[in-house]
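Novice: Sharing a model that was predicted from the sequence below.
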Amino acid sequence: MANAERAWESVSGADRFPEFDRHEGVFRMSDPASGLLGFIAIHSTAAGPAVGGTRYWHYASEEEAVRDVLRLSRAMSYKCALAGVPYGGGKAVIMADSRQPKSGAMLREYAERINALRGAFYTGEDVGIDQADVTALAEHSSFIIGRETMAGDPGPWASLGVFHAMAAAIDEARPGRAWRDVSVAIQGLGKVGLGLARLVSGAGGRLIAADINPAAVAAAVREFPGLRIVNAEDIHRQDADVFSPNALGGVIAERMISELRCYIVCGGANNQLASDESARLLYGRGILYIPDYVANAGGLIDVVDELSRDGYSRDRVLRRTAAIGGTVRRIVALSREQGKSPSEIADALGAKILEAAAAQRLA
């Protein structure tokens with residue numbers, strides 16, 4: 001087993017990055033023999049152990065990977081807070097290397113690093129890490145969530161959360177509008193995007209979609225005869241009620257915002273906004289943006305339920321995921337009342353919940 005000293009190799013100077021937000025710990029993992037190179041960031045354990053998926057991705061540099069793990073772990077803290085689950089935020093990223101691809105040895109070494117954190121961090125699926133990887137990690141660590149025999153794939157639950165968030169946003173922006181009168185432009189037809197398409201279609205909504213993967217597009221066309229496919233670079237320019245980003249993050253920047261022709265942005269991708277300024281620009285244009293960590297919390301709600309004292313409960317997961325709609329309504333109401341963007345409101349609510357948890361821990 002990796003010793004604690006190797007697992008807790010702190011990242012020197014992590015606080016110089018703008019994404020740093022009083023993180024409790026940022027750690028580098030390196031094992032040349034297995035090809036493991038990556039980072040774990042623990043943002044907060046005030047409310048409970050940190051939880052967050054593991055991302056396996058091609059990063060251009062270690063700095064890029066560190067900044068991503070800082071951003072993602074902070075969002076996980078706020079996601080937990082607003083989802084009402086008693087956990088903090090963490091995240092891990094593994095730098096993919098085509099010369100030494102992901103292997104069983106790498107996963108075993110990574111599992112040992114997780115074990116050395118002694119329950120401070122629980123992890124599971126994310127981009128590049130699938131159910132087979134989760135199963136492999138669970139063979140070597142008891143701090144893995146989203147296991148196939150329990151919560152399973154969090155994707156459908158993330159889709160359901162986005163659907164509840166979207167329904168609430170539509171009703172807030174256009175009260176009484178029926179789904180048959182709603183069009184949704186879906187960017188990304190992966191697990192979450194495709195699951196969302198099924199829910200929107202099942203409710204009677206009209207679909208427009210794009211994906212850079214031709215196989216994903218072909219599968220969606222077969223499943224949804226009325227689906228309109230457009231080029232990936234044009235999906236955000238469609239005349240639609242809702243633009244739904246469900247691919248990678250950082251896509252909503254100034255140029256895209258100027259080209260949007262919707263009145264709601266609500267999707268399952270993490271870290272959709274390129275910057276804080278993006279939230280202000282959307283608000284200025286009168287476009288209702290539902291913070292991604294609020295909308296996509298269904299997946300989190302599902303996997304952390306494995307940690308409940310009375311065991312996993314599908315009914316409880318359903319209730320908590322449906323409650324995302326109520327959280328959206330609260331955020332929208334406060335946004336109107338205070339004249340601030342929904343992102344500012346959600347961040348403030350999340351910070352308040354975390355501060356209260358920290359104060360209670362110290363009491």
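Specialist: Thanks, I have the structure now.

Novice: hey, let's count contacts and neighbours off CA atoms from now on
Specialist: Fine.

Novice: So which elements touch the strand or helix carrying Glu64?
Specialist: Assigned by DSSP states H and E, Glu64 belongs to helix 62-83. Contacts defined by 3 or more Cα pairs under 8 Å, 6 or more residues apart in numbering; DSSP states H and E place helix 62-83 against strand 36-42, strand 88-95, helix 292-295, helix 342-362.

Novice: List the contacts of the last one.
Specialist: Applying Cα atoms under 8 Å, 6 or more residues apart in numbering, the external contacts of helix 342-362 come out as 46-47, 77-79, 81-82, 279, 288-291, 294, 331-332, 334-335.

Novice: The helix or strand containing Met166: what's the following helix or strand?
Specialist: For Met166, the host element (DSSP H and E) is helix 155-173. Next in sequence after helix 155-173, counting helices and strands by DSSP H and E, comes strand 183-187.

Novice: count of neighbours near the residue nearest to Val162 when sequence neighbours are not counted?
Specialist: Nearest in space to Val162, with sequence neighbours left out and distances taken as Cα to Cα, 6 or more residues apart in numbering, is Ala295 at 4.7 Å. The number of residues packed near Ala295 is 29, by other Cα atoms under 10 Å.

Novice: contacting residues around Ala295?
Specialist: Shown in contact with Ala295 (Cα under 8 Å, 6+ apart): 158, 161-162, 164-166, 266-268, 324, 328.

Novice: got a winner among these for most neighbours?
Specialist: Counting neighbours by other Cα under 10 Å, the top entry in the contacts of Ala295 is Val162, with 36 neighbours.

Novice: on that earlier part again, retrieve the pLDDT associated with the residue nearest to Val162.
Specialist: Note for Ala295: predicted pLDDT of 98.

Novice: measure it to Tyr56 for me?
Specialist: According to Cα to Cα, to the nearest Å, Ala295 and Tyr56 sit 23 Å apart.

Novice: pLDDT below threshold where in this structure?
Specialist: Counting by pLDDT under 70, the chain shows low-confidence ranges at 1-9, 363.

Novice: All the helices of it, residue numbers only.
Specialist: 4-7, 62-83, 104-116, 131-138, 155-173, 191-203, 214-223, 254-259, 276-284, 292-295, 298-304, 314-322, 324-338, 342-362 (DSSP state H).

Novice: from the helices and strands packed on helix 62-83, which stretch is densest packed?
Specialist: Ranked by average neighbour count under the criterion mean count of other Cα atoms under 10 Å, the helices and strands packed on helix 62-83 are headed by strand 88-95 at a mean of 29.

Novice: Give me the residues contacting that strand.
Specialist: By Cα under 8 Å, 6+ apart, the list of residues contacting strand 88-95 from outside reads 36-59, 65, 69-70, 72-81, 121, 123.

Novice: Based on its surroundings, how many neighbours for Ser275?
Specialist: Each residue near Ser275 was counted by other Cα under 10 Å, and the total is 14.

Novice: show me the contacts for it.
Specialist: 250, 253.

Novice: Distance-wise, check it relative to Ser308.
Specialist: Taking Cα to Cα, one finds Ser275 at 35 Å from Ser308.

Novice: Tell me the one of the contacts of Ala295 nearest Gly202?
Specialist: Using Cα to Cα, His164 comes nearest to Gly202 of those, at 13.3 Å.

Novice: Just the angle for the helix holding Glu64 relative to helix 342-362, thanks.
Specialist: Helix 62-83 runs at 80 degrees relative to helix 342-362, counting by axes from the mean of the first three to the mean of the last three Cα atoms, to 10 degrees.

Novice: Report the contact partners of Ser30.
Specialist: The neighbours of Ser30, taking Cα under 8 Å, 6+ apart as the test, are 36-38.

Novice: a markdown table please, covering those residues and showing distance to Thr135.
Specialist: Formatted as a markdown table, these follow (distance: Cα to Cα, whole Å):
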| residue | distance to Thr135 |
| --- | --- |
| Leu36 | 18 |
| Leu37 | 21 |
| Gly38 | 20 |
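
Novice: just the residues you listed now: which is nearest Val303?
Specialist: Of all these, Val303 sits closest to Gly38, with 22.7 Å by Cα to Cα.

Novice: surely the closest one meets Arg28?
Specialist: Yes - counting by Cα atoms under 8 Å, Gly38 touches Arg28, with 5.9 Å between them.

Novice: where's the one residue sitting closest to the centre of the chain relative to Gly35, distance?
Specialist: Centroid check for the chain by Cα atoms, centre = their mean gives Asn270 as the closest residue, at 4.0 Å. Asn270 sits 26 Å away from Gly35, taking Cα to Cα as the criterion.
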